[in-house]
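*Asks:* let's see this in three dimensions:
(2 chains)
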Amino acid sequence: MNLAWYWTALIAFGIVNFLLISASVLVYAERKVSGYMQNRPGPNRVGPFGFLQPFADVLKLVFKENIVPTAANSFVHSLAPMLMVVIAMASGALIPFARGVVIADMAVSVLVLLALTSISVYGVTLAGWSSNNKYSLLGGLRSSAQMISYELSMGLAVLSVVLISSSLNMVTIVEDQGGGYGIFAWNVFRNPIGCILFIVTAFAETNRAPFDLPEAEQELVGGYHTEYSGMKFGMFFLAEYVNFFIASFVIVTLFFGGYLLPFESVLLAQFPGLEDSILLMIMQIGTVVLKASFFAYLFIWVRWTLPRFKYQQLMTLGWKYLLPISLVNALLVAIGVIIFS
Amino acid sequence: MLSDFIPFFIQLGIAIGLSFTLLKAAALIGPKRANVIKQGTYESGMDPIGSAHQRYSVKFYLVAMIFIVFDVEIVFLYPWAVSFREFIAAGVGPGVLGVIFLFVIILAIGLVYDIKKGGLEFD
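*Replies:* The predicted structure is shown next:
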């Protein structure tokens, strides 16, 4: 897609706004779902069914004082939440939303995504270090150890997808899943172990339960954001929700056919006029958002179902189970690629 | 192509603008009533004992070092993964896989050694 820079900027602006609004919807969804899971109604006072609650929360956060502890390093204290928001929002540029609707369609978009994931470790670590608070520091250290441990398995799970589609471009990876077998050409059927590995590591990378050790309330108060309040805390919160929505999009893109409709090739053979039409584009955007919403729901569902791991359980799972399994899986996929080509 | 990255940098710029706006808006609108107790470091209600900027446990460095070894390994595997189908088309697929297998085995021995030595015990 070769648009003029101002059109790209407009679409990028639209996607940032889309992510902002979806983050508020996800906050509402999480509170409502957790409410129903615990047999209580959840937010139901602000607006119809409490739907305006996240917007009221944002307004409240903006009107709160920006407290920087005297002992903290004030520059890094502000840098950390900014870094988190910037990384979360920038990842949105790499997701293909429909055929031809992707902001940055570069040859190595998967690598850029992994690089962005690595940088978000800095946000948490710097937040923990700069607060000069023991709880924050422990939260930041735990988080960096956790994120780098699970990054390896995540990299290897992505590697097995790259082996199948022999490309680092997300659009090519999606189109590669549109073979003649309908949904059975999706990578989840060609590489099921890789899919499970990627979903598990995505939970760990986004610091969601059961991997939310950095903010284990019983031990570490608020973890790395103990000393954050007002809008800076809101930015961490926003980044967390955007991150797991982006993670859902990446799971869908890599393993569940991305924007492809189920049995799209059959549908296009039936209605040839549909190809390259606006209708197909809208249907594809709807499909990818629907699929990603399911995985966002999965993130919420798991958070309110599973208890948190202990630290050594987490490291044992990452290093002694996931890493060997993902190494073996990558080699098995390579053998499969030789057999099926 | 380097020009493929321009849209990404546009998005990055918008994201930076957004985070600046959020931070500045809150700093402008919010009240500013500094006070010694409020600006103090939180330590469950006690006066903080010492600074948090101390030495960390060596375990964290150990994890980081093992991470770097395996991360570099994965970086080496990516070019192979991208061009693996070309190797197969050229008829050398199994041979190349054998070489990669050897490479992974060497690093796996390192991982097993590390686990046996207790480098990944965290109790």
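
*Asks:* residue of chain B closest to chain A, please.
*Replies:* Relative to chain A, the nearest point of chain B is residue B:26 (3.1 Å; CB to the nearest CB). (Each C-beta comes from the backbone N, C-alpha and C, glycine too.)

*Asks:* list the contacts of residue 101.
*Replies:* Picked chain A for this. When contacts are counted by CB atoms under 8 Å, 6 or more residues apart in numbering or on different chains, residue A:101 touches A:1, A:11, A:259, A:281, A:284, A:285.

*Asks:* not what I meant, chain B
*Replies:* Counting by CB under 8 Å, 6+ apart, the residues that residue B:101 touches are residue A:331.

*Asks:* tell me the phi and psi of it?
*Replies:* phi -60, psi -40 (degrees, to the nearest 10).

*Asks:* hmm, back to that, please list only the buried members of the contacts of residue A:101.
*Replies:* Burial by neighbour count, 16 or more other CB atoms under 10 Å in any protein chain shown: within those this picks out A:11, A:259, A:281, A:284.

*Asks:* buried residues, the helix or strand containing residue A:83. List them.
*Replies:* With secondary structure defined by DSSP states H and E, residue A:83 is part of helix A:74-91. By 16+ other CB under 10 Å, the buried positions in helix A:74-91 come out as A:77-91.

*Asks:* and the contacts of it?
*Replies:* A:16, A:19, A:68-69, A:113, A:116, A:119-120, A:122-124, A:126-127, A:129-131, A:227-228, A:232-233, A:235-236, A:238-239, A:242-243, A:246, B:8, B:11-12, B:14-16, B:18-20, B:22-23.

*Asks:* can I get the CA coordinates of that helix in PDB?
*Replies:* Only the C-alpha atoms of helix A:74-91 are listed here, as PDB (Å, rounded to 0.1, in the frame of the first residue of the first chain):
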ATOM      1  CA  SER A  74      11.600  12.000  38.200                       C
ATOM      2  CA  PHE A  75      12.700  11.800  34.600                       C
ATOM      3  CA  VAL A  76      12.700   8.000  34.500                       C
ATOM      4  CA  HIS A  77       9.600   7.900  36.600                       C
ATOM      5  CA  SER A  78       7.800   9.700  33.800                       C
ATOM      6  CA  LEU A  79       9.600   7.900  31.000                       C
ATOM      7  CA  ALA A  80       8.500   4.400  32.000                       C
ATOM      8  CA  PRO A  81       4.700   4.900  31.600                       C
ATOM      9  CA  MET A  82       5.300   6.800  28.300                       C
ATOM     10  CA  LEU A  83       7.400   3.900  27.000                       C
ATOM     11  CA  MET A  84       4.700   1.400  27.800                       C
ATOM     12  CA  VAL A  85       2.000   3.400  26.000                       C
ATOM     13  CA  VAL A  86       4.200   4.100  23.000                       C
ATOM     14  CA  ILE A  87       5.200   0.500  22.600                       C
ATOM     15  CA  ALA A  88       1.600  -0.700  23.000                       C
ATOM     16  CA  MET A  89       0.300   1.800  20.400                       C
ATOM     17  CA  ALA A  90       3.100   1.300  18.000                       C
ATOM     18  CA  SER A  91       2.500  -2.400  17.800                       C
END
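
*Asks:* now check the one helix or strand in chain B whose mean pLDDT sits lowest, is it near chain A?
*Replies:* Using mean pLDDT, DSSP states H and E, helix B:36-39 stands out as the lowest-scoring helix or strand of chain B, at a mean of 78. Yes. Using CB under 8 Å from any CB of the partner chain, helix B:36-39 reaches chain A at B:36, B:38, B:39.

*Asks:* may I have that helix as PDB, with CA atoms only?
*Replies:* Only the C-alpha atoms of helix B:36-39 are listed here, as PDB (Å, rounded to 0.1, in the frame of the first residue of the first chain):
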ATOM      1  CA  VAL B  36       6.300  15.700  52.700                       C
ATOM      2  CA  ILE B  37       4.200  12.700  53.800                       C
ATOM      3  CA  LYS B  38       2.600  12.300  50.300                       C
ATOM      4  CA  GLN B  39       5.900  12.500  48.500                       C
END
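
*Asks:* after that helix, which helix or strand is next?
*Replies:* Going down the chain from helix B:36-39, the next helix or strand is helix B:58-89, by DSSP H and E.

*Asks:* name the residues of that following helix that are buried.
*Replies:* Neighbour counts using 16+ other CB under 10 Å place B:63, B:66-67, B:70-71, B:73-74, B:77-78, B:80-82, B:84-85, B:87-88 of helix B:58-89 among the buried residues.

*Asks:* is any residue of it near chain A?
*Replies:* Yes. Against chain A, helix B:58-89 shows contacts by CB under 8 Å from any CB at B:60, B:63-64, B:66-67, B:70-71, B:74, B:77-78, B:81-86, B:88.

*Asks:* what packs against that helix?
*Replies:* Helix B:58-89 sits against helix A:134-165, helix A:323-339, helix B:93-116, with contacts defined as 3 or more CB pairs under 8 Å, 6 or more residues apart in numbering or on different chains; DSSP states H and E.

*Asks:* run a quick neighbour tally on residue A:304.
*Replies:* Residues lying near residue A:304 (other CB atoms under 10 Å in any protein chain shown) number 14.

*Asks:* contact partners for it?
*Replies:* By CB under 8 Å, 6+ apart, the neighbours of residue A:304 are A:33, A:34, A:37, A:38, A:209.

*Asks:* chain B versus that one, what's the distance?
*Replies:* Computed as CB to the nearest CB, to the nearest Å, the residue A:304 to chain B distance reads 27 Å.

*Asks:* ranges for the strands of chain A?
*Replies:* In chain A, no segments count as strands under DSSP state E.
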